[in-house]
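Novice: Turn this into a model:
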Amino acid sequence: MRIRQFSRHSIVYKEGESDEAVYIVLSGIARLICLNRKGERNLLEVLGPGDVIEIPSLLPDIHHKLTCETFTDCQIGLISPTALVEGIVGIPFREFNEALNLTVGRWWMLLERHSNFLSQTVREKIMLALLDLGRKFGQRDDHAMIIDLGLSGQDIADLVECSRPKVSECLKSLVAEGIVTREHRRFIIDSAKIQASLRS
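Specialist: Got it, this is the predicted structure:
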């Protein structure tokens, strides 16, 4: 595995410029962005240590429109898809790639179509980002999830790519509803309430 260091707010890869490698987040926070047909950016996922970003190298024939950007300083491991598949799965990469195209390939095209119709509100983007941060970095305490990353309101605004005033307004609303609690730069979230709000 090759290890590369990326400073915050830099591009790990984007379509047509990625190495022939599987990317593994070793440290830091990154975000996965998908562009729709209008060129608008949709936040697909917040990435943390252990997350594997494999679409470009494992599905080279898929038009993915993905950009992976660092949100903080990150350490990224790069390993060839052949070494990863044959070393861990234990089958020839060609056979694995064929199976992946028949399964994940179709799913990915569905996701890409969905991104063209995706129109998340600022509130939804914030809740989805907080859920992802909670899953990857949070510490569970009773029924709540504590996110102690020292993130400011501006950091959340940068993460979801919205204006600071709009994000502050939405966060105040989430706090008033008991969905989010803020203690200085700690966020305490109620995951069940966030999921219920996203479904409603």
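
Novice: can you list the weak-confidence ranges in the chain?
Specialist: Applying pLDDT under 70 to the chain picks out residues 16-19, 36-38, 54-64, 99-119.

Novice: could you redo the last one with a cut-off of 80?
Specialist: Scanning the chain for pLDDT under 80 picks out the ranges 15-20, 34-42, 53-66, 84-85, 88-89, 91, 93-120, 141-143, 199-200.

Novice: domain parsing for it?
Specialist: 2-117, 122-199 (automatic domain parsing).

Novice: Same list (those domains) but as a markdown table, adding mean neighbour count.
Specialist: Placement of C-beta: from N, CA and C, glycine included. Listed next are the domains of the chain as a markdown table, based on neighbours: other CB atoms under 10 Å:
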| stretch | mean neighbour count |
| --- | --- |
| domain 2-117 | 16 |
| domain 122-199 | 16 |
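
Novice: can you tell me how far residue 30 sits from residue 6?
Specialist: Distance of residue 30 to residue 6, given as CB to CB, to the nearest Å: 8 Å.

Novice: hey, what's in contact with both of those two?
Specialist: Counting by CB atoms under 8 Å, 6 or more residues apart in numbering, the contacts common to residue 30 and residue 6 are 12, 70, 74, 76.

Novice: For these, work out which two are farthest apart.
Specialist: 70 and 76 (8.3 Å; CB to CB).

Novice: overlap in contacts of the two?
Specialist: With CB under 8 Å, 6+ apart, residue 70 and residue 76 have common neighbours 6, 12, 30.

Novice: Secondary structure element for the nearest residue to residue 77 once chain neighbours are set aside, which one?
Specialist: Leaving aside its sequence neighbours, residue 77 sits nearest to residue 24 (CB to CB, 6 or more residues apart in numbering; 4.2 Å). Assigned by DSSP states H and E, residue 24 belongs to strand 22-27.

Novice: ditto for residue 130
Specialist: Using DSSP H and E, the element containing residue 130 is helix 122-137.

Novice: What of residue 95?
Specialist: Using DSSP H and E, residue 95 falls in helix 93-117.

Novice: before we move on, the earlier item: relative orientation of the strand holding residue 24 and helix 122-137 in degrees?
Specialist: Strand 22-27 runs at 80 degrees relative to helix 122-137, counting by axes from the mean of the first three to the mean of the last three CA atoms, to 10 degrees.

Novice: For residue 194, give me its contacts.
Specialist: 127, 130-131, 179.

Novice: how much space between it and residue 86?
Specialist: Shown here: residue 194 relative to residue 86, a distance of 40 Å by CB to CB.

Novice: How about residue 169?
Specialist: 51 Å.

Novice: did I read that right, residue 4 in a helix?
Specialist: No - under DSSP: H, G, I helix; E, B strand; the rest coil, residue 4 sits outside any helix and is assigned strand.

Novice: Phi first, then psi, for residue 77.
Specialist: phi -100, psi 140 (degrees, to the nearest 10).

Novice: That one bridge partners, please.
Specialist: residue 3, residue 24 (DSSP bridges).
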